[in-house]
Structure formats: C-alpha cells, structure tokens
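In: A structural model of the following input is requested.
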Amino acid sequence: MNFLHTDKEVHEAVGGKITKNNWAVTGVSIDSRTILKGELFIAIKAERDGHEFLKSAIHNGAVAAIVNRIPMDTPRDFPCIVVKDSFRALNDLAHFSRKRYKGKLVAVTGSVGKTSTKSLLAEMLSKFGKTYCSPQSYNNYLGVPLTLVNIPLDTKYVVSEIGMNSPGEIEPLSNLVAPDIGIITNISSAHLAAFNDIKDIACEKAMICSGLVKNGLLIFSSETPFTEMIIGMAK
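Out: This is a model prediction of the structure:
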C-alpha cells in the first residue's frame with residue numbers, strides 16, 4: 001500500500017494533541033460519504049458539522065481523524081489529532097504537501113472554461129509524466145487545499161483549479177497553491193453580481209499572480225480586457 005502521509009508528518013504539519021501514534025494514510029477527505037478505506041478524515045464545521053459524521057467516516061474506512069473535539073461515540077482506540085481549528089489544520093497540511101512537492105504546478109482561473117482547461121492540460125501533461133489534477137471542480141476554499149493534500153508522492157505535474165464568487169478569494173488560494181504557471185482562461189461578466197464592474201473582475205482574476213513562484217509564468221489571452229493592468233500586476 002502506498003501511504004501519502006504518516007502520523008508524524010500530519011502531527012508536525014497541524015500541531016495539536018495526538019491520541020495514538022503509528023498510523024499512516026493513503027489520502028485525505030472531509031466527506032464521510034465518499035471517504036476511501038485508509039484515508040484521513042478532517043472534520044470541518046461548514047454548512048454541516050463534520051464531527052457529527054466521524055462515526056460514519058470510520059465505518060467507511062477512515063483510519064485517523066483531525067478534529068476540534070472527539071465525539072462521545074468515537075471508538076476509544078481510534079487515532080485522532082485534536083486541534084483548535086480543523087479548517088486551519090486542513091490548510092496547514094496543504095501547505096506542507098505543497099512544500100514537499102517538487103514537480104511543476106499549474107493553476108487555472110477564469111470566468112469560464114476553468115474545468116475544461118484543467119482537464120485538457122492534465123490529459124496533455126500525462127503524456128510526459130504522472131499528472132494529478134483537481135477532482136471535479138475543486139476550486140474553492142475547501143477544494144483547493146484538498147487538491148494539495150492529496151498530491152501523490154511520485155507526481156510530476158499538478159493542475160489546480162482556482163475559482164471565486166466574491167472579491168478577495170483568489171489571492172489566499174494562489175498563495176497556498178504557489179503555482180509555477182498561472183493561467184487566466186478569460187475575463188467576462190460572469191461574476192458581475194459580486195463586483196462593481198468588469199475591471200474589478202479582471203483585477204481579482206489577476207491576483208493569481210500573487211502566489212506565483214519566483215520566475216513563474218502567467219499565461220492569458222492578448223484579447224483579455226485590461227491587459228496592461230494585468231501585466232502591471234504580474235510585474
């Protein structure tokens with residue numbers, strides 16, 4: 001079995017109190033319904049409280065969990081890492097995974113076409129080496145770190161999708177992803193309800209530059225609105 005993270009690596013990345021040592025995981029999930037045997041479950045409190053589904057996650061194959069609290073019905077010998085904020089722990093583990101990864105990472109954003117561009121890139125890059133990309137449309141504050149924490153150890157290329165619904169969302173995700181290459185598919189009025197005008201949308205999309213590694217590359221169409229502004233932000 002190919003393990004992705006050991007108990008020591010996870011504990012060092014997220015901190016907190018570990019209840020049991022000597023375990024390793026094959027992947028990371030926040031969904032008890034789709035978690036796979038051998039994975040780490042992170043109980044996130046979002047629309048629903050993940051702690052309420054820890055028992056279900058264990059039943060479906062979780063071998064360890066990161067929690068803010070240990071629910072009463074948790075088996076006594078089940079390994080947990082208790083932290084103050086499980087969402088922060090997810091991001092800390094994502095940062096660890098990104099730092100460990102030594103291949104090339106491409107981040108894709110844009111008003112439309114993100115998922116199809118990501119899929120096409122992944123298919124193309126797979127001809128040159130093992131490639132991993134965001135599952136489905138994992139492009140928000142939960143999906144992006146989940147993409148990073150599940151990067152296989154022998155991967156040569158990663159394609160991450162970064163989306164947004166409101167101002168200020170792309171910059172922290174780009175900083176977390178730290179792309180070698182950023183791609184803006186296009187800029188349109190798709191998100192205009194949350195922005196004053198299309199210039200504000202262009203500025204937000206250009207924030208994918210914020211996390212670019214030193215000597216990183218930004219790719220976008222010369223017909224994109226506010227090209228000069230985007231070039232200035234990239235510089």
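In: Just give the nearest non-adjacent residue to Asp154, would you?
Out: Excluding its sequence neighbours, the residue lying closest to Asp154 (C-beta to C-beta, 6 or more residues apart in numbering) is Lys130, at 5.8 Å. Glycine gets a C-beta too; all of them are placed from N, C-alpha and C.
In: right, and the one you found touches Val158 too?
Out: No. At 9.9 Å, Lys130 and Val158 do not qualify as touching, with contact defined as C-beta atoms under 8 Å.
In: For these two, indicate the residue with more neighbours.
Out: Val158 (26 against 14; other C-beta atoms under 10 Å).
In: Check what pLDDT the more buried one gets.
Out: Val158 carries a pLDDT value of 98.
In: Quick one: list the elements packing against the helix or strand where it lies.
Out: For Val158, the enclosing helix or strand under DSSP states H and E is strand 157-161. Here strand 157-161 touches strand 104-109, helix 114-125, strand 131-133, helix 143-149, going by 3 or more C-beta pairs under 8 Å, 6 or more residues apart in numbering; DSSP states H and E.
In: Recalculate using a threshold of 10 Å.
Out: strand 104-109, helix 114-125, strand 131-133, helix 143-149, helix 170-177, strand 181-184 (3 or more C-beta pairs under 10 Å, 6 or more residues apart in numbering; DSSP states H and E).
In: quick one: that strand to chain centroid distance?
Out: Put simply, strand 157-161 sits 10 Å off its chain's centre (C-alpha atoms, centre = their mean, to the nearest Å).
In: again, but for stretch 113-133
Out: 16 Å.
In: mind checking the end-to-end distance for it?
Out: Length of stretch 113-133, first residue to last, C-alpha to C-alpha, to the nearest Å: 15 Å.
In: In it, which residues are buried?
Out: Judged by neighbour count (16 or more other C-beta atoms under 10 Å), stretch 113-133 contains these buried residues: Lys114, Thr115, Thr117, Lys118, Leu121, Ala122, Leu125, Thr131, Tyr132, Cys133.
In: quick one on the thing from earlier: identify the contacts common to Lys130 and Val158.
Out: Gly103, Pro152 (C-beta atoms under 10 Å, 6 or more residues apart in numbering).
In: Low-confidence bits of the protein, can you list those?
Out: The chain contains residues with pLDDT under 70 at 190-191.
In: same for the strand or helix carrying Ile231, what does it pack against?
Out: Assessed by DSSP H and E, Ile231 sits inside helix 227-234. Contacts defined by 3+ C-beta pairs under 10 Å, 6+ apart place helix 227-234 against helix 198-206, strand 217-220.
In: Output these as a markdown table; include the columns mean neighbour count and distance to Glu52.
Out: Below are these laid out as a markdown table (neighbours: other C-beta atoms under 10 Å; distance: least, C-beta to C-beta, whole Å):
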| stretch | mean neighbour count | distance to Glu52 |
| --- | --- | --- |
| helix 198-206 | 20 | 35 |
| strand 217-220 | 16 | 42 |
